[in-house]
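[1] Dropping the sequence and predicted coords here.
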Amino acid sequence: MNKLISDIRELLKKALDNKVIDALLLPVKVPAGDSYSWVILKDDKLLEKASPIPPVISVQGARAISSLTRRGKLDFKIATFMRPCEARATIELAKLAQADLDDVVLITFDCPGAIELKKYTEKPEEVEKEFSELMGNWESDVIRTICKMCDKFTCVDDGFATDLHIGLIGLNGKMAFIPRTEKGKKFLSGLGLKSEENLNDWEKKSRELIEKKRNKRKELQNKLKPQVVGLDALSKTFAKCINCRICRSVCPICYCRQCYFDSEKLKFTPDDYLIRAEKSGGIKFLPDTLLFHLGRMTHMALSCVSCGTCEDACPMDIKVAQIFSIVGDNVQKLFEYVPGRKLDEPLPLTVYKEEEFKELEV
Amino acid sequence: MEDKIGIFLCECGPNIAEKVDFDKVKEAIKNLKSVKFIGQHKLLCSDDGKKYIVNAIKEHGLTRLVIAACSPKQHELTFMKVCEEAGLNPYLFQMANIREHCAWIIEDKKEATEKAIQYIKSAYRRVRYHEPLEKKEIEANPDVLVIGGGITGLEVSLALAQSNRKVYIVEKSSELGGKLKEFNKIFTSMRDAKSFVEDKIKLVEQEKQIEVLKESEVEEVLGYFGNFIVKVKTQSKESELKVGAIVVATGYELFDGDSLAHYGYGIDDVYTALEFERMVKTGKILTKKGEPPKSVAIIHCVGRKECGYCSGVCCMYSIKFARYIKEKMKDAEVIEFHRGLTLPDKNYEKFYKDTKALGVNYIYVKDLLIEGNTKPIIKYKTEEGQFEKQVDMVVLAQAMVPPKGIDKLAKTLRIAQDKSGFFIEEHPKLAPISTSKEGVFIAGCAQGPKNIKESIVQAGAVAGRILSSLVPGKKLEPEVRVSQISESLCIGCQTCIKVCNYGAIYFDEAKRVSRVNEVLCRGCGNCVASCPSSAIQLKHFTDREIHEEIVEATR
């Protein structure tokens, strides 16, 4: 792993030196050594502290890109290195004009998974060591549950189209450069590098792994279903939620300026609450806990990339990301939509298909 | 100021009174907050009933109104007018439908009464959150845009101009007259087509009220009935037209493309219908070698299977083609290969019989294929068996299909097309010349294959409809229940712009938020539903208003 990371740093330094890009957006270890922050940098010394493949997702990369480019194009070129789930969320945000990727080279890599934030902040050094042994072990037990059930950790078979993907699976520490867009090709040729021609080993091993992880995903989702199918089960599962809304704050896709659930629209008069209490025998305060999660599910289901930041952040250990993965998978399948697959694939909400009405015909 | 809410109950003769216990209703609502007046009347929509409401509003100083009566579809407008008459903003009123939704459908009086109470309470709860909306008036523009300068477009334009309407004709090609100009004669009169259409063109050109824009295409259409703004591109120059109605008379093309090869197109002396018309126009019918053909086959239904419909005119123009040939070469053998003749008009049967009497042979075929290297050979199957026939010339009678580029116009006008690409009428029987978009009409082959007569009839119908519904001096009241976008909540994703059917939303680049053009907005609510960040509210249908109504309805 350490060799790989220094190789990537070398590569990115070259990109700066050759002026292929003007700056980099990378996770850099914070001074206390117990987390990472996204930093825009061009300085060699900072680059030494940057980790293109950090063990944790602190701030979801899509949020970093969005806050940088939401108000319009950069007038300089940057490259960023991200986990596939972060890049896919970035693409979703770009579709909603919440990020502008014209001047951004989005680089992804075969992701070994990430470690739980809480575990990392307790013993960062131990976890770093654990994580560095991960590369090559694509089915580790150390990683987060949502990573164990992730089937989009590599881009084989048109999984997702970032500018450049770096294949690592089945290559024994070697990197395979797989450009997926014109921008990616240009970046690669600017470094004097060629795209990998022989991808057979990578493809074969990747497909095997995807198959395994997909089964794992189904297995874990099925295990979870009794806790979340139906209103009663859902109510029970979310009963311990303390309404801190942290899942919303860290979610890369939650793009609203002001959350509906914080708005005046959901502040009711006392008699309104009394009517509800009268109906169901009682009403919990703070109210609308389940409505909040259901609302977020409806909003996020199509674009949810199962990055797991919500679950990582939840102080009550609710399996938010795993629950969302069930809803997401089902809804996405319905519209044959894969969030973050391609920038020019429109959001289903904006697509009118006459035949969809037939599904509603009696 | 404290609200004074009035609730009016309508007996609707025996309609409601028999099924809803009004005493119980009054008992249930009398203690609702701010309710200052509860009224009851035999028939609120009658003159006496209306007076009763106006007087009560004035006498008690009512500030909001609930009327429990019939469906708002029937009398909402009536009661809104009553509010105005009493000086109350008409949007501070809500109707509860206790007739269709209660009295008429529930047998049990107790149950019907309970439901009526629930509906009235819902309306009461909603109306408390209503906001007054101000009506606006704008002048309707009586001018008309006609897209397409073929026979249909010319006919509509003339009819309108003769009633003193300003008409703009936008024609894609460099001349008026459309397809008809390429014909020699018109069936069944066998009148000269050129003079027929040129007479019309002359009239159009003389008409001061008609402005013709040739080599022009419609680029963008904004607005609605009475107030369209149309961007037209003439060669490379752009201009803007303001009209009140739009007529789509874009006509047709003949079935073309790769499938024609199946009918032998590409073999020497196999001609399309228009190629044949052009040949006839030269005055001579000759094969490629320059000899008069001894035998000519006319193939019906070319493209019918591929298109999935019968164009209804090919049989007749095929018979006309046989006439062309027989007129010039009495002794030439003419065979028409058809799949059942379509002759629906009172004059068509005679036209066919007269042609047959000239010695034209009609063969009903089940299947047909045209092959050959130097001369076309027709291989065909009839009920009697399989046959082959070599001829000197073949003419293909192609089906009518929508012109290329029509999809773009459909998008620009925001009107629907059917599977084959023709525009869809609002209703096949009841509204065959209007579209789903008010103020946009279709005439002639834009709607589907038609002959000249049918096209002209439709042209007249469209003109009549426009003259009667778009009257000069008429005022339009733009919808006041329009969308509102919150600048602070809008994330600038422009989803609303994609789903707006009226081009009523634009993007403010400086602030990076979407904004509503209130004149163009029709209040459909598409944008409200699709806004991912709940930044849009529809006036009079705000989340709050709907929520309050539902709270009570589901209590």
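    Cool, got the structure. Note that the structure is predicted; figures quoted are calculated from it, not measured.
[2] Grab the nearest non-local neighbour of residue A:42.
    Take residue A:42 and drop its neighbours on the chain: the residue closest to it by C-beta to C-beta, 6 or more residues apart in numbering or on different chains is residue A:23, 4.6 Å away. All C-beta spots, glycine's among them, are computed from the backbone N, C-alpha and C.
[3] Tell me which residues touch the one you found, please.
    By C-beta atoms under 8 Å, 6 or more residues apart in numbering or on different chains, the contact set of residue A:23 is A:16, A:40-42, A:76-78.
[4] between those residues, which has the most around it?
    Counting neighbours by other C-beta atoms under 10 Å in any protein chain shown, residue A:78 leads the contacts of residue A:23 with 22 neighbours.
[5] Look up how far residue A:80 lies from the nearest residue to that one once chain neighbours are set aside.
    For residue A:78, ignoring the flanking residues on the chain, the nearest one in space by C-beta to C-beta, 6+ apart is residue A:23 at 4.8 Å. Spatial separation of residue A:23 from residue A:80 under the definition C-beta to C-beta, to the nearest Å is 10 Å.
[6] and the closest residue to chain B within the stretch 201-350 of chain A, what is it in contact with?
    Chain B sits closest to residue A:256 of the stretch 201-350 of chain A, with a gap of 3.9 Å, by C-beta to the nearest C-beta. For residue A:256, the contacting residues are B:489, B:491, B:532-534, taking C-beta under 8 Å, 6+ apart as the criterion.
[7] Just give me the closest of the residues you listed to chain A.
    Within the set of the contacts of residue A:256, residue B:533 lies nearest chain A; the separation is 3.9 Å, counting by C-beta to the nearest C-beta.
[8] what residues are up against that closest one?
    For residue B:533, the contact set (C-beta under 8 Å, 6+ apart) comprises A:255-257, B:489-491, B:493.
[9] Now with 6 Å, please.
    Shown here is residue B:533, whose contacts under the criterion C-beta atoms under 6 Å, 6 or more residues apart in numbering or on different chains are A:256, B:489, B:491.
[10] cool, and residue B:276?
    If a contact means C-beta under 6 Å, 6+ apart, then residue B:276 has residue B:395 as its contacts.
[11] does residue B:515 really touch residue B:509, like I thought?
    No - counting by C-beta atoms under 6 Å, residue B:515 sits too far from residue B:509 to count as a contact (10.7 Å).
[12] out of these two, which sits in the more crowded spot?
    More neighbours surround residue B:515 than the other of residue B:515 and residue B:509, with 18 against 9 (other C-beta under 10 Å).
[13] Low-confidence bits of chain A, can you list those?
    Within chain A, the ranges that satisfy pLDDT under 70 run A:362.
[14] hey, where'd the strands end up in it?
    For chain A, the strands identified by DSSP state E occupy A:23-29, A:36-41, A:78-82, A:104-109, A:164-167, A:176-179, in order along the chain.
[15] rewinding a little: distance of the residue of the stretch 201-350 of chain A closest to chain B from residue B:154?
    In this structure, residue A:256 lies at 54 Å from residue B:154, with C-beta to C-beta as the measure.
[16] Which of the three states applies to residue B:218?
    Secondary structure assignment for residue B:218 (DSSP: H, G, I helix; E, B strand; the rest coil): strand.
[17] who's it bridged to?
    Under the criterion DSSP bridges, residue B:218 forms beta bridges with residue B:232.
[18] How about the contacts made by it?
    B:147, B:170, B:232, B:412.
[19] and the residues you listed, which are buried?
    Applying 16 or more other C-beta atoms under 10 Å in any protein chain shown to those, the neighbour count classes B:147, B:170, B:232, B:412 as buried.
[20] ok, these vs chain A, which is closest?
    Proximity of these to chain A, judged by C-beta to the nearest C-beta, is greatest for residue B:412, which lies at 16.0 Å.
[21] Test my guess that that closest one contacts residue B:219.
    No - in terms of C-beta under 6 Å, residue B:412 does not count as a neighbour of residue B:219; the distance is 7.1 Å.
[22] returning to what we had before: now the buried ones among the contacts of residue B:218 in a markdown table, with pLDDT?
    Written out in a markdown table, the entries for the buried ones among the contacts of residue B:218 read as follows (pLDDT from 0 to 100):
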| residue | pLDDT |
| --- | --- |
| B:147 | 98 |
| B:170 | 97 |
| B:232 | 97 |
| B:412 | 92 |
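[23] Distance from the chain centre to stretch A:112-128, please.
    In terms of C-alpha atoms, centre = their mean, to the nearest Å, the centre of stretch A:112-128 is set 18 Å apart from its chain centre.
[24] buried stuff in it?
    Taking 16+ other C-beta under 10 Å as the basis for neighbour counts, the residues of stretch A:112-128 that come out buried are A:112-117, A:119-120, A:124, A:127-128.
[25] now swap in stretch A:200-208 and tell me
    Buried residues in stretch A:200-208, counting neighbours by 16+ other C-beta under 10 Å, are found at A:202-203, A:205-206.
[26] Which two of those have the greatest separation?
    Pairwise distances among these were taken by C-beta to C-beta; the largest, 7.6 Å, belongs to A:203 and A:205.
[27] beta partners of residue B:243?
    As for beta bridges, residue B:243 partners with residue B:228 under DSSP bridges.
[28] elements contacting the lengthiest helix in chain A?
    Here the longest helix in chain A is taken by residue count, with DSSP state H as the criterion, and it is helix A:200-228. For helix A:200-228, the helices and strands in contact under the criterion 3 or more C-beta pairs under 6 Å, 6 or more residues apart in numbering or on different chains; DSSP states H and E are helix A:231-238, helix A:320-334.
[29] most neighbours per residue, which of those helices?
    Of all these, helix A:320-334 carries the top mean neighbour count, a mean of 19, counting by mean count of other C-beta atoms under 10 Å in any protein chain shown.
[30] any idea how far that helix is from the chain center?
    Distance, stretch centre to chain centre, for helix A:320-334: 14 Å (C-alpha atoms, centre = their mean).
[31] and what of stretch B:337-352?
    If you compare the mean C-alpha spot of stretch B:337-352 with that of the full chain, they lie 31 Å apart, counting by C-alpha atoms, centre = their mean.
[32] and chain B, which residues reach chain A?
    With C-beta under 6 Å from any C-beta of the partner chain as the criterion, chain B meets chain A at residues B:489, B:491-493, B:495, B:498, B:530, B:533-534, B:543, B:551, B:555.
[33] go again using 7 Å as the cut-off
    Residues of chain B that fall close to chain A, judged by C-beta under 7 Å from any C-beta of the partner chain: B:488-489, B:491-495, B:498-499, B:512, B:530, B:532-534, B:543-544, B:551, B:555.
[34] Give me the subset of those residues lying in helices.
    The helices, defined by DSSP H, take in B:495, B:498-499, B:530, B:543-544, B:551 from those.
[35] Among these, find me the one that's closest to residue B:110.
    Nearest to residue B:110, judged by C-beta to C-beta, of those is residue B:551 at 23.6 Å.
[36] And the pLDDT at that closest one?
    pLDDT for residue B:551: 89.
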